[in-house]
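In: Based on what follows, work out the 3D shape:
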Amino acid sequence: MTLRLEGKKAIVAEVAEVAKKATSVVAADYCGLTVTQLTELREKAREAGVYMRVIRNTLARRAFEGTKFACMDPALVGPLVLAFSKDEPGAAARIFKDYAKKWEKLE
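Out: Numbering: from 1, shown residues only. Down below sits the predicted model:
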C-alpha cells in the first residue's frame with residue numbers, strides 16, 4: 001500500500017509527538033512473527049502503557065529529528081517495530097525481552 005504525502009506527514013507528526021513525550025524507545029526486528037503474535041505483543045504493550053508502531057525507517061528518522069531519539073538514526077535498518085515507554089523507561093524493553101524468550105524470531 002502506497003502512502004500519499006499527506007498520510008506520511010500525519011504519521012511523522014503522530015510519531016514525533018509521541019517521541020517528544022516518551023521517556024524511552026526500543027526497536028525490535030519483527031520479521032517472521034505471525035499476525036497473531038504481533039497482535040498479542042501490541043495488546044501487552046497497550047496494557048503496560050507502551051505505544052507501539054510499525055513505521056518506515058525513513059519516516060521514523062524524520063519523526064525523530066529534533067527529539068532526544070535522533071541518535072537512533074543508525075539503528076533504523078530493516079523491518080522494525082518501535083515501542084515508546086510513556087511513564088516507566090524500562091516498560092518497552094521489558095515487553096520485548098519477555099516475548100523474545102517466547103518467540104526467537106523477535107530480535
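In: pLDDT at M1, what is it?
Out: M1 carries a pLDDT value of 59.
In: next one: stretch 93-105 to chain centre, how far?
Out: Mean-position distance between stretch 93-105 and its chain equals 14 Å (CA atoms, centre = their mean, to the nearest Å).
In: tell me the contacts of E107?
Out: By CB atoms under 8 Å, 6 or more residues apart in numbering, E107 lies in contact with 28-29, 100. C-beta: built from backbone N, CA, C; applies to glycine.
In: Where does the prediction get shaky in this structure?
Out: In the predicted model of the chain, residues 1 satisfy pLDDT under 70.
In: and with 90 instead?
Out: Residue ranges of the chain with pLDDT under 90: 1-3, 86-87, 104-107.
In: mind listing the helices in it by residue range?
Out: Applying DSSP state H to the chain gives helices spanning 5-21, 35-47, 57-64, 91-102.
In: just to revisit the earlier point, quick check on the contacts of E107: which are buried?
Out: Buried subset of the contacts of E107 (neighbour count, 16 or more other CB atoms under 10 Å): A28.
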